[in-house]
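Trainee: take a look and give me a structure for this.
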Amino acid sequence: MAYNSTEFVTKVRLLIEETSITKAYSPELPKTGTSVAAVSLMDGETTNKLNATRIYSTVRFRVLIRGTKNDDTTTRGLVDEVVNKLNMQNGLTLTSSNIEMIYVDNEPQYVGKDENERILYNVNFKAIIE
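Mentor: Presented below is the predicted three-dimensional model:
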């Protein structure tokens, strides 16, 4: 059975909100707020069959993290918390499927600053969903 993308994104957002991130959104950040994140699905989903009954999807997603103004140390701390929370998460249950593993697809990347000088980082992840 295919996974429910809305349920998957909601699960990831809830995991992120267990960190110092005040709120996680999807698919983009609101104009206001610091210490927030946005979860977006990316293209490139692949499906693999282990056997006739076990089908796995590899889903790519990104987390955009907006920290504070002019304080990269604090913002990078938020990024590290999110990475540590999501990387290697496994055995998570969704209604129609299971998240077998989430892992970091690349190191956090500094994106720049928004119009209010708040620092932005992006991290890409992959999830294996059965």
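Trainee: buried residues in the longest helix along the chain, which are they?
Mentor: Longest helix in the chain, counting residues (DSSP state H): helix 72-86. Buried residues in helix 72-86, counting neighbours by 16 or more other C-beta atoms under 10 Å, are found at T74, T75, R76, L78, V79, E81, V82, V83, K85, L86. (Glycine included, C-beta is placed from N, CA and C.)
Trainee: now for the helix or strand following it, which elements pack on it?
Mentor: Scanning forward in sequence from helix 72-86 by DSSP states H and E, the next helix or strand is strand 92-93. Strand 92-93 is packed against strand 98-104, with contacts defined by 3 or more C-beta pairs under 8 Å, 6 or more residues apart in numbering; DSSP states H and E.
Trainee: if we go to 10 Å?
Mentor: Packing partners of strand 92-93 (3 or more C-beta pairs under 10 Å, 6 or more residues apart in numbering; DSSP states H and E): helix 5-16, strand 98-104.
Trainee: that one - what's its average pLDDT?
Mentor: The average pLDDT for strand 92-93 rounds to 92.
Trainee: likewise stretch 106-125?
Mentor: 96.
Trainee: start at 44, not 1
Mentor: Yes, from this point I'll number from 44; that puts the last item at stretch 149-168.
Trainee: in that stretch, what's buried?
Mentor: Buried residues in stretch 149-168 (16+ other C-beta under 10 Å): P151, R161, I162, L163, Y164, N165, V166, F168.
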